[in-house]
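[1] Need coordinates for the following:
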Amino acid sequence: MQTAPHPDARERRDNASFHALMMALSRPGTVQELPEPGAGPIAAALLDRECRVYADDAALSGHLRQTGAALVPLAEADHLFVSLDSAAGVTALGAAQVGSFLYPDGGATVIAPARIGEGAHLTLTGPGIDGSVSLQLGGLDPSLWEARRRLCRYPEGIDLFFIDGARVIGLPRSTAVQEG
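    So this is what the prediction gives:
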C-alpha cells in the first residue's frame, strides 16, 4: 500500500504562490492573489539552488539567500527582484539576460513592485488574452515600456511580474503593451 505525502503549510503556501504566478503569465494583465504579500512567497515558489538571483534591495537579498539560490550580478541572474520606479532602475534592466532564439528560456524573470489600479493606462494584447485587456500600473518609470520593447524580441525577452501587496500581474514576453 502506497501513501502520498501530505504537504505541510509551507509547501501549500509555495504551491499556491506558484499557481498564482502561472495563472498570471497564462492570463496576462489579470490580477492574481498570492497567499502572502510581498516578494517572499514568489522567491519561495520560484527559487532553489539551481537559480541565480539578483536583488537591488539588501534586505531582500538576505531573504533570497535562504532559498539556496546564488546571489549574482544583475547581468548573470535568471531572476531579478528590482525596483523599476526610476530611470536608473530601468536602465539597469537593459543588462538583463534575454535568452536566445535557440534557448529562449534563458531570459530573466523580473519581479518588481508596482501600484495595481493606479498610474499609466495600458492595453495588452497577445497570447492568453481574449482581444485586449486594459489596466493601470503605477509606480513605474515611463521609460520601462520602451526598454521592454527593446528587450523582448520574441522568443527572446524577459517575463515580468508586478506585485502590489498580495496582488500580482504577469506580463510574459509575448504580450504587446500599448500605453495610453
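[2] ok, and what's touching the longest helix along the chain?
    Criterion DSSP state H: the longest helix present in the chain is helix 9-26. With contact meaning Cβ atoms under 8 Å, 6 or more residues apart in numbering, helix 9-26 is reached by 7, 30, 32-36, 41-42, 44-46, 128, 159, 161, 168-170, 172. Heads up, the C-betas are built off the backbone N, CA and C, glycines and all.
[3] moving C-terminal of that helix, what's the next helix or strand?
    strand 32-33 (DSSP states H and E).
[4] elements contacting the helix or strand that comes right after that following strand?
    Going down the chain from strand 32-33, the next helix or strand is helix 40-46, by DSSP H and E. Contacting helix 40-46 under the criterion 3 or more Cβ pairs under 8 Å, 6 or more residues apart in numbering; DSSP states H and E are the following elements: helix 9-26, helix 58-65.
[5] what's the model's confidence in the shortest one, averaged?
    By that I understand helix 58-65. What helix 58-65 shows for mean pLDDT is 91.
[6] Any stretches of this protein with poor pLDDT?
    Where the chain drops to pLDDT under 70, the residues are 1.
[7] quick check: longest strand of it.
    strand 115-125 (DSSP state E).
[8] And that one, what's buried?
    Within strand 115-125, the residues scored as buried using 16 or more other Cβ atoms under 10 Å are R115, I116, A120, L122, L124.
[9] gap between it and the chain center?
    Relative to its chain's centre, strand 115-125 lies at 16 Å (Cα atoms, centre = their mean, to the nearest Å).
[10] which residues touch it?
    28-29, 31, 131-140, 142, 145, 162, 164, 167, 169, 171, 175-180.
[11] With stretch 53-61 instead?
    39, 43, 47, 64, 67, 69-74, 76-83, 89, 92.
[12] And the most centrally placed residue in the chain, how far from G138?
    Compute the mean C-alpha point of the chain, and by Cα atoms, centre = their mean the closest residue is F161, 2.7 Å away. According to Cβ to Cβ, to the nearest Å, F161 and G138 sit 16 Å apart.
[13] Kindly report the same for G89.
    15 Å.
[14] Mind checking what secondary structure T67 has?
    coil (DSSP: H, G, I helix; E, B strand; the rest coil).
[15] cool, and V53?
    Quick answer, by three-state DSSP: V53 is strand.
[16] is it in a bridge, and if so with what?
    Listed by DSSP bridges, the beta-bridge partners for V53 are L71, H79.
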